[in-house]
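K.L.:
this one's sequence-less:
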């Protein structure tokens, strides 16, 4: 069995080393063949040189401009020849063979489109990412004082999900699928540069219909540092992607 993984980078020198080293460590010497690909969106730091010097077994595709998250993964998905493929953020790391656990569940359940593990903060607390479908009240109103309860409802953090569960949203920071299925879906929509491309993919998968499964018996760690609230460029990108998403899928309150 062949498993592949893709990482899209842009100036990720500070996090990519731990990501790659733990992924390769947990997939080494197993009863499957694992190959890791990186698409670099014209980084200006030492990301590419670090990978080339320290991890020669990693296959690197170099873009001449920053084409965004989805476009980078799509470039790899088109090229890989594997049975299962995983989308991996450069700021995650693993301490178990999450790939095998998720792949085994995919093999036993052919009606699944996407599968994602429990995502933990670096201190071991849960990030609560098996969310419901984005709506105006969940994504926008929940950020205002007095409406934070909507955020808790949106992220399902009071439900205590402890078993494999069907969900409406699959985070783009880490998920797995049959490679043939991702090729059939043509990966992420090219309408999004960053943000909401995972929400859009989730909606497309559920419309087939296929299942999206949250699998809490497998975990990853995510050093989550979103920039959509830290600077104007990030805020603009987030709101633009949100506008594209709601125009496509409807303005649901």
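P.N.:
Cool, the structure landed. Nothing here was measured: the structure is a model prediction, and the numbers come from that model.

K.L.:
can I assume residue 10 is in contact with residue 40?
P.N.:
Yes - under the criterion of Cβ atoms under 8 Å, residue 10 makes contact with residue 40 at 7.3 Å. Placement of C-beta: from N, CA and C, glycine included.

K.L.:
now do the shared contacts for these two.
P.N.:
Residues touching both residue 10 and residue 40 (Cβ atoms under 8 Å, 6 or more residues apart in numbering) are residue 47.

K.L.:
please tell me how far residue 6 sits from residue 60.
P.N.:
11 Å (Cβ to Cβ, to the nearest Å).

K.L.:
those two: which is more packed in?
P.N.:
Taking neighbours as other Cβ atoms under 10 Å, residue 6 and residue 60 compare with residue 6 leading, 25 against 17.

K.L.:
helix, strand or coil for the more buried one?
P.N.:
strand (DSSP: H, G, I helix; E, B strand; the rest coil).

K.L.:
same check on residue 158?
P.N.:
What three-state DSSP gives for residue 158 is coil.

K.L.:
next, count neighbours for it.
P.N.:
Burial of residue 158 is recorded as 9 neighbouring residues (other Cβ under 10 Å).

K.L.:
my reading is that residue 43 lies in a strand. Confirm?
P.N.:
No - using three-state DSSP, the assignment for residue 43 is coil, not a strand.

K.L.:
which of the helices or strands spans residue 200?
P.N.:
helix 197-206 (DSSP states H and E).

K.L.:
where exactly do the helices run in this structure?
P.N.:
With DSSP state H as the criterion, the chain has helices at 13-27, 47-54, 69-79, 98-108, 136-139, 148-154, 179-185, 197-206, 232-249.

K.L.:
just put the ones you listed in JSON lines and tack on mean pLDDT.
P.N.:
As requested, these are exported to JSON lines (pLDDT from 0 to 100):
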{"stretch": "helix 13-27", "mean pLDDT": "97"}
{"stretch": "helix 47-54", "mean pLDDT": "97"}
{"stretch": "helix 69-79", "mean pLDDT": "97"}
{"stretch": "helix 98-108", "mean pLDDT": "97"}
{"stretch": "helix 136-139", "mean pLDDT": "91"}
{"stretch": "helix 148-154", "mean pLDDT": "92"}
{"stretch": "helix 179-185", "mean pLDDT": "97"}
{"stretch": "helix 197-206", "mean pLDDT": "96"}
{"stretch": "helix 232-249", "mean pLDDT": "85"}
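
K.L.:
dump these to TSV, plus mean neighbour count and distance to residue 163.
P.N.:
Conversion of those to TSV gives the following (neighbours: other Cβ atoms under 10 Å; distance: least, Cβ to Cβ, whole Å):
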stretch	mean neighbour count	distance to residue 163
helix 13-27	18	23
helix 47-54	16	37
helix 69-79	21	29
helix 98-108	18	12
helix 136-139	17	23
helix 148-154	15	20
helix 179-185	17	23
helix 197-206	21	20
helix 232-249	15	28
